[in-house]
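Participant: My questions concern the predicted model and sequence given below.
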There are 2 protein chains.
Amino acid sequence: MVESQSRNTGAHLVYGELKRRILSLELKPGERIYEPAMATALQVSRTPLREAIRRLIAESLLEQQPTGGVLVPILDEGVISELYDVRAAMESLMAREACSKATPADIANLEGIVERNAAMVQFADEAMKYGMSLHAAIADIAGNSWAKRFHDQISSHMERYRHFVNNSQERRDRALAEHRILVDAVASGKPEAAAKIAFDHVLGARDEALRAISGSARVIP
Amino acid sequence: MVESQSRNTGAHLVYGELKRRILSLELKPGERIYEPAMATALQVSRTPLREAIRRLIAESLLEQQPTGGVLVPILDEGVISELYDVRAAMESLMAREACSKATPADIANLEGIVERNAAMVQFADEAMKYGMSLHAAIADIAGNSWAKRFHDQISSHMERYRHFVNNSQERRDRALAEHRILVDAVASGKPEAAAKIAFDHVLGARDEALRAISGSARVIP
DNA sequence: CTTTGTACAGTTGTATACAAGTATAGTTGG
DNA sequence: CCAACTATACTTGTATACAACTGTACAAAG
């Protein structure tokens, strides 16, 4: 998910900074971006700024109005569901492909991650971190660069909604259990099972998130 | 897959033209793009050209070298497999989601497409067209904009490999049969079945394509 | 009072000029 | 003869100037 190694060009730095502000909601959903103001704020000219904006538009992290303005996309509850669904499809695919490619060392690595996850299951941040690293490890084993790319894009977008989702202890326990089953399926080379587990695992997270959101604050401000 | 309605800006026109040349292999895989030359060839300045190039890089239709040059990506057999796999995951997801959202009118529409497909199954081009329109119709019913976006990107990329794949009569007959089963599953609201059929359907196409390619010309020139 | 027209302030889109970096060929020293 | 260095031609990256466009406020006409 982290930019591999961005070339040291200003446009790349601006891209990273803008992306950070968008995902952290520092740039508020619905807000319009004015090039001259933003350019002076970031102390670059409009040219590299525009390049960064264009790239962010291509990733749907910014939105171009038909008239010509650029907006930070609003938060939309319907989109959350879409994002989780596509993420489920991607993780499911990668889990399936990992089954036929995992080496014993890979499997040992996965099991190690799950064990460390288990030790930290009471801490939300740590548990989240290990969950992500597990999925990253599976993605590496699967070795499907397109699936990885799409998964990364989805994950980025979900950042914007994270503040609205609270990971309960119950959810973390459940996730850990599902992670164990998933790793077992990969270890024993059962692609269909692994795919189904990964899919349902993410859908479970989706349902929890949707419940948390509709229960608490409105998402569309 | 078609650009909805691009604003009438030069950068958008250049984007479309470059994309066309890339997908048609008019711009050869491995070829480098020099901005001044390309700009004069397209009769625009470097600024809108660069914007188009940046966007194409974001879609992986162009490739940026660490040193700074921009290349048309080479054709790679391994990528074909990845593309088919991700497409399978996307179509599978959309088929699944279409099951719970399809109206009777939607289903009638799908059945109509399949019937017209059946009437044209002997013509490769027509059959291909109906196959695409069936998937597009399912995507519309599913209504998952992210899945659609990714599916469109994948489809674009596969264009570059189309010239190497020959659709046999046998394959078309098989595809038609699978389309029938898929539409039946959607019509009767069986998401798991629809998802599995869609997935396996694309994997079948993948295997056929890989056989055709490895059997005939080398893909990496 | 509403509606249309129009001027204006400010925005985005484009062209061009300039700075910084990269690769190549030639030259010099070992 | 080979290696390393330097000069040079050409590339990409950035800044800026200008053109085209959008929306808003205000005025005038219905």
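Facilitator: Perfect, I can see it now. Numbering: from 1, shown residues only, chains lettered A, B, ... in the order given.
Participant: Can you check what pLDDT the model gives the residue nearest to the spatial centre of chain A?
Facilitator: Chain A has A:Ser155 as the residue nearest its centroid, 1.1 Å off, counting by C-alpha atoms, centre = their mean. At A:Ser155, the pLDDT value in this model is 96.
Participant: now check the helix or strand in which it is found, is it near chain B?
Facilitator: Using DSSP states H and E, A:Ser155 sits in helix A:145-162. Yes - on the criterion C-beta under 8 Å from any C-beta of the partner chain, helix A:145-162 is in touch with chain B at A:Ser145, A:Trp146, A:Ala147, A:Arg149, A:Phe150, A:Ile154. C-beta coordinates here come from the backbone N, C-alpha and C atoms, glycine included.
Participant: between that helix and helix B:145-162, how big is the angle?
Facilitator: On the basis of axes from the mean of the first three to the mean of the last three C-alpha atoms, to 10 degrees, helix A:145-162 is oriented at 160 degrees to helix B:145-162.
Participant: in helix A:145-162, what's buried?
Facilitator: Neighbour-count burial for helix A:145-162 flags A:146-161 (criterion: 16 or more other C-beta atoms under 10 Å in any protein chain shown).
Participant: one step back: now, among the residues of helix A:145-162 next to chain B, which is nearest to DNA strand D?
Facilitator: A:Arg149 (20.6 Å; C-beta to the nearest atom of the strand).
Participant: Hmm, B:Ser60 and that closest one touching each other?
Facilitator: Yes - at 7.4 Å, A:Arg149 and B:Ser60 qualify as touching, with contact defined as C-beta atoms under 8 Å.
Participant: who in chain A is up against DNA strand C?
Facilitator: A:Arg32, A:Ile33, A:Tyr34, A:Glu35, A:Pro36, A:Ala37, A:Arg46, A:Thr47, A:Arg50, A:Gly68, A:Gly69, A:Val70 (C-beta under 7 Å from any atom of the strand).
Participant: Among those residues, name the buried ones.
Facilitator: Buried among those (16+ other C-beta under 10 Å): A:Ile33, A:Arg50, A:Val70.
Participant: Go ahead and confirm A:Met158 touches A:Val86.
Facilitator: No - between A:Met158 and A:Val86 there is no contact under C-beta under 8 Å: 10.3 Å.
Participant: I'd like the distance from A:Tyr201 to DNA strand C, if you could.
Facilitator: Just to correct that, residue A:201 is His rather than Tyr. 42 Å (C-beta to the nearest atom of the strand, to the nearest Å).
Participant: Can you tell me the closest non-neighbouring residue to A:Glu208?
Facilitator: Of all residues not flanking A:Glu208 in the chain, A:Arg171 sits nearest, at 5.4 Å (C-beta to C-beta, 6 or more residues apart in numbering or on different chains).
Participant: Count the neighbours of A:Lys129 for me.
Facilitator: 14 (other C-beta atoms under 10 Å in any protein chain shown).
Participant: packing partners for the strand or helix carrying it?
Facilitator: Here A:Lys129, judged by DSSP H and E, is contained in helix A:124-142. The contact analysis (3 or more C-beta pairs under 8 Å, 6 or more residues apart in numbering or on different chains; DSSP states H and E) places helix A:124-142 against helix A:77-101, helix A:104-119, helix A:145-162, helix A:169-187.
Participant: what's the angle between the second one and helix A:77-101?
Facilitator: Yep, that's helix A:104-119 we're talking about. In terms of direction (the same axes, to 10 degrees), helix A:104-119 departs from helix A:77-101 by 140 degrees.
Participant: Which positions in helix A:104-119 come out as buried?
Facilitator: Those would be A:Asp106, A:Ile107, A:Asn109, A:Leu110, A:Ile113, A:Val114, A:Asn117, for helix A:104-119 by 16+ other C-beta under 10 Å.
Participant: what helices or strands is it leaning on?
Facilitator: In terms of contacts (3+ C-beta pairs under 8 Å, 6+ apart), helix A:104-119 is packed against helix A:124-142, helix A:169-187.
Participant: Make TSV out of these and add mean pLDDT and distance to DNA strand D.
Facilitator: Formatted as TSV, the helices and strands packed on helix A:104-119 follow (pLDDT from 0 to 100; distance: least, C-beta to the nearest atom of the strand, whole Å):
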stretch	mean pLDDT	distance to DNA strand D
helix A:124-142	92	28
helix A:169-187	93	40
